[in-house]
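>>> Here is my input; please provide its structure:
(chains A, B, C, D, E and F)
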4 protein chains.
Amino acid sequence: MDAIFEATIQLLLADGLPRLTTTRVAERAGVSVGTLYQYFPHKQALLYALNERYLDALADRIEATCLAHHGVSLRVMIDALIETYWKAKTERADVTRALYRTAVELDNEALIEDFAARVDAATLAMLASASDWTGQDLAGINLTLVTVIFGTVRNAFERNLPPAAIETLRDHLLRMCHAYLSSAGKRHGPADVGG
Amino acid sequence: MDAIFEATIQLLLADGLPRLTTTRVAERAGVSVGTLYQYFPHKQALLYALNERYLDALADRIEATCLAHHGVSLRVMIDALIETYWKAKTERADVTRALYRTAVELDNEALIEDFAARVDAATLAMLASASDWTGQDLAGINLTLVTVIFGTVRNAFERNLPPAAIETLRDHLLRMCHAYLSSAGKRHGPADVGG
Amino acid sequence: MDAIFEATIQLLLADGLPRLTTTRVAERAGVSVGTLYQYFPHKQALLYALNERYLDALADRIEATCLAHHGVSLRVMIDALIETYWKAKTERADVTRALYRTAVELDNEALIEDFAARVDAATLAMLASASDWTGQDLAGINLTLVTVIFGTVRNAFERNLPPAAIETLRDHLLRMCHAYLSSAGKRHGPADVGG
Amino acid sequence: MDAIFEATIQLLLADGLPRLTTTRVAERAGVSVGTLYQYFPHKQALLYALNERYLDALADRIEATCLAHHGVSLRVMIDALIETYWKAKTERADVTRALYRTAVELDNEALIEDFAARVDAATLAMLASASDWTGQDLAGINLTLVTVIFGTVRNAFERNLPPAAIETLRDHLLRMCHAYLSSAGKRHGPADVGG
DNA sequence: CATGAATGAGTGTTCATTCAT
DNA sequence: TATGAATGAACACTCATTCAT
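Residues are numbered from 1 along each chain as shown, chains lettered A, B, ... in the order given. Purely as a prediction, here's the structure:
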C-alpha cells in the first residue's frame, strides 16, 4: 500500500493529475489493477487517502512542535512554528504541490477542516502557555498567525520563488509576526523592544 | 465568446471540473461545439483564456489601486491594497475557487508569473512613493507584503471560515502589516505610533 | 440504427449474450461505439429496444390477423391465430431464441405485459365477434387459448423438436383447441361435430 | 455443496444473474472461493449442476406420478400430471424463474433434452397403460399433452398472472385436455361424455 | 484440503476533437 | 462560417480464476 502511495505521487509529479490512471499507478507500484482496487474502492479513495496521510503527518509534526514549546516565550514559539511548517513544505515541496493538484477530483473539505481544527487547537494551547503573554483575544491572534503563516508559506512555494527570495521572505515573515505580537499585547520586556 | 466564458464558469461552479465537457459548455453557451472550437483550439485553451482573463482583470484592479495611492502614507497604502484584494475575492469568491480548480489541467505557471510580476511592479512603485518611508530593502518588504496578503486572503477563503472570523482576520492582518512596517523602517511620525 | 439492431441479433445468434459487447456490436454494425451510444444510452437500452421492436411487430401481426377475422367461425379464428403465431416463430426462430436470451439483463416485464395486453384485447374482440359462439366466460376462454397457444408454440421451439414432430404437434394443437371450444360452449352446428 | 447451491439460488433471486459472482456465492455459502472451485471447475459448471439438480428432481417427481397412475383412466392421468407439474412450479416459482435466467450462460440443451426424454418416456408408458384408451397415435398425443401442459404452465407463471386467473387457467387447461382426449380416441364410456 | 490475496484480460462508457454538410 | 453527428482512444472498474501459504 505504501508502494501504491509512492507510485501515485511519482506519477502525479511526472505527468500531473489528468494522466494519472489507476492502471498506471498499479503498474508503477508493481501490483495489478485488481490489487489496487482491493485496497481502494475508487480512484477517489486513493487520492483521498493520500491527502489524509499527508495532512495527518503534517498535523502530527505541528502538534509535536507545539507540545514541545509549551511555556516558552512567544518569539520562540513563532520561530518554531514557522520552522516546522517551512521545513515540512521544503522537504517535499514537490509532493505538496502534487497533492494540491489532487484536490480537483476530491471532496476534501472535511480533510482540510480536520487538519485546521487540529492545528488550531495545538497552536492555541501553545500560545496560551506563553511565558510572556499579557494581551487578550488569544483566539483571534491564533487564527491570524496560523492563517498568515500557512497562507504565506503556501503562496511562496506556489510562486516558484528563487531560494534567495524564499529565504528573505521567511526572515521577513518572522519579523512580521514578532512585530504583530509586540503590538498585540506581548508583555514588553526589554529583550523584545524593537521587534 | 463571453457567453462561452460565462457558461464555463457556471458549469464549473455547478458540477466541478471533472464534469466540464466542451459539449456542455457549448450547449449552455448557446452555440455548437464546432463554434466553440473556432474560438478555442483546445479545451485547455479555453481554460487558459479564462484564467488569463480573470488574472488580467485582477491585476488591472490592483494596478489601478496602486496608481491611485502613490505618495500617500504606507498605512493608507496597505489599507487600500488589502481592501482591493479582499473585495475582489469576496465579490466572486465562488468564481475564484472555480478557477483555482481549473489549474490542474493547465500549465498556468506563466500566467501566474505574469500576474505576480505585474502586481510586484505596481506595489513596488507605490511603496517607493510612500511619503513616510525611511527604511531599506524595499524589494524585500514588497515581496513580503504581497505574499503575505495574497496568501492569507486565499487561505482564509479556502478554509471556509465564518464571516465573523473573516472580519476578525482582516482586521488583524491590517494591524500585522502596520506593525511590520513600523518595525521595518517606516518613519515614525506621531500619527502612526501605536499602529 | 437498423444496422445496430441487425448486428446485435447476428452476434447474439453467433456467440450468445455473454459475448455480446457494445464494441463488437458497433464494429459489426459498421459504426463506432460512440455512435452506438448516441442512439442508446446503455447496453440495456439497446437490448430493451430490440425486444420492444420485436414484440411490437409481433403484436402488430396478431392484431392484424384478429381484425381480419372478425365475424367468422371460432374454428377459423383459431386456425388463423395459430397460423400467425406459428409462422412468426418459424420465420425467425433463431431471432426469437436470441431475444429470449436477452431477457436476463433486462427488466422487460413491462414489455411483456404490454404485449400480452395488446394480444389479449385483440383476441378477445375477435372471439366476441364469432358467428358461432353461445357459451359464457369468454374472458376465461380467451386467456386459456392465448396462454396455451403461445406457451405451446414457445415450448415446441425451445425443445428443438424435429420438423415432423413440430408438424404433428401443430395439428394436434389445432384439434385440441377445437375440442376445447366445442366442449366450452360453441354452438354445435353439424359442421363442427367430431372436432 | 448444498450450501453452495442454496447460496446461488438466493443470490440469483435477490440480485439476478448479472450480479452473481463466484466470490459472492462462496461468501454467502460460508466457504472460500478456493473451496468453491474445488467442487466446480467453472462458474458454468456450478450453474449447470444447479439446473441438472433441479431438472432431475422435477423429472423424478413426474416419473413417480406417472408410475403411480399406471392403469387408471386418462382423465385421472391428466389430472395427476397437471397437478404434479403445477405444484412443482408453484412451490418454488421464484427458484424456477431464477433458473430460467441462468440458461443464458449455459449450453443446457443436453440437460433439457434429457429431461424431456425422461418425461416423454414416463408419460408415454403411463398413457399406454390407460384403462380407457382406444385410439391411435399415442406418441403424437403424448407429445402434444406434454408440450401443451408444460408450455402453458410456464407461460402462465411467466406472465405473472394474478392467482385468480391462474386458477381459472388451470381449470380450463384440464378441460381442454379432456376434450382433446375425448375427441382423439378415448373410449367413450358414460362417465366421460360431456368432457 | 482450505484459504483469500493477487491477477489482468475484458467490459461499459465518456468526451475531446473532426469534418461533411 | 456554423453545425452536430460521428469518431475511437482512453478510462475506471469487475470478476473468473489461480496458487502460495
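>>> correct me, but residue A:37 touches residue A:23?
No - Residue A:37 is not in contact with residue A:23 according to CB atoms under 8 Å; the separation is 10.7 Å. Just so you know, the C-beta spots here come from the backbone N, C-alpha and C atoms, and that holds for glycine as well.
>>> Next, the residue nearest to residue A:62 when sequence neighbours are not counted: secondary structure please.
Leaving aside its chain neighbours, residue A:62 sits nearest to residue A:119 (5.4 Å; criterion: CB to CB, 6 or more residues apart in numbering or on different chains). Following DSSP: H, G, I helix; E, B strand; the rest coil, residue A:119 is assigned to helix.
>>> residue contacts, residue A:119?
A:59, A:62-63, A:146, A:150 (CB atoms under 8 Å, 6 or more residues apart in numbering or on different chains).
>>> Same question for residue A:58.
Residue A:58 touches A:88, A:115, counting by CB under 8 Å, 6+ apart.
>>> Flag the shaky bits of chain A, pLDDT-wise.
Residues of chain A that meet the criterion pLDDT under 70 lie in A:104-105, A:185-195.
>>> Could I have the CA atoms of stretch A:164-174 written out in CSV?
Output of stretch A:164-174 as CSV, limited to C-alpha atoms (Å, rounded to 0.1, in the frame of the first residue of the first chain):
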residue,chain,number,x,y,z
ALA,A,164,17.1,33.6,-2.1
ALA,A,165,13.8,35.2,-2.2
ILE,A,166,12.3,32.4,-0.2
GLU,A,167,14.9,33.0,2.5
THR,A,168,14.3,36.7,2.6
LEU,A,169,10.6,36.1,2.8
ARG,A,170,11.0,33.7,5.7
ASP,A,171,13.0,36.1,7.6
HIS,A,172,10.5,38.9,7.0
LEU,A,173,7.6,36.7,7.9
LEU,A,174,9.3,36.1,11.3
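>>> now check it, is it near chain B?
Yes - using CB under 8 Å from any CB of the partner chain as the criterion, contacts between stretch A:164-174 and chain B involve A:165, A:168-169, A:172-173.
>>> I'd like these as TSV, with neighbour count and distance to chain C appended.
Compiled in TSV, those are given as follows (neighbours: other CB atoms under 10 Å in any protein chain shown; distance: CB to the nearest CB, whole Å):
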residue	neighbour count	distance to chain C
A:165	17	50
A:168	18	55
A:169	23	51
A:172	21	56
A:173	23	53
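>>> Quick one: these as a markdown table, columns for secondary structure too.
A markdown table is the format used below for the residues of stretch A:164-174 next to chain B (three-state DSSP):
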| residue | secondary structure |
| --- | --- |
| A:165 | helix |
| A:168 | helix |
| A:169 | helix |
| A:172 | helix |
| A:173 | helix |
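>>> C-alpha coordinates for stretch A:46-64, PDB please?
What follows is stretch A:46-64, C-alpha atoms only, in PDB (Å, rounded to 0.1, in the frame of the first residue of the first chain):
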ATOM      1  CA  LEU A  46      -6.800   6.500  -3.300                       C
ATOM      2  CA  LEU A  47      -6.400  10.300  -3.700                       C
ATOM      3  CA  TYR A  48      -8.300  10.900  -0.500                       C
ATOM      4  CA  ALA A  49      -6.200   8.500   1.500                       C
ATOM      5  CA  LEU A  50      -3.100  10.100   0.100                       C
ATOM      6  CA  ASN A  51      -4.200  13.500   1.200                       C
ATOM      7  CA  GLU A  52      -5.300  12.200   4.500                       C
ATOM      8  CA  ARG A  53      -2.000  10.600   5.100                       C
ATOM      9  CA  TYR A  54      -0.100  13.700   4.200                       C
ATOM     10  CA  LEU A  55      -2.200  16.000   6.300                       C
ATOM     11  CA  ASP A  56      -2.200  13.700   9.200                       C
ATOM     12  CA  ALA A  57       1.600  13.500   9.200                       C
ATOM     13  CA  LEU A  58       1.800  17.300   8.900                       C
ATOM     14  CA  ALA A  59      -0.600  17.800  11.700                       C
ATOM     15  CA  ASP A  60       1.400  15.300  13.800                       C
ATOM     16  CA  ARG A  61       4.500  17.300  13.300                       C
ATOM     17  CA  ILE A  62       2.900  20.600  14.100                       C
ATOM     18  CA  GLU A  63       1.300  19.100  17.200                       C
ATOM     19  CA  ALA A  64       4.700  17.800  18.300                       C
END
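>>> What residues sit buried inside stretch A:52-63?
A:54-55, A:58-59, A:62-63 (16 or more other CB atoms under 10 Å in any protein chain shown).
>>> what distance separates it from the centre of its chain?
8 Å (CA atoms, centre = their mean, to the nearest Å).
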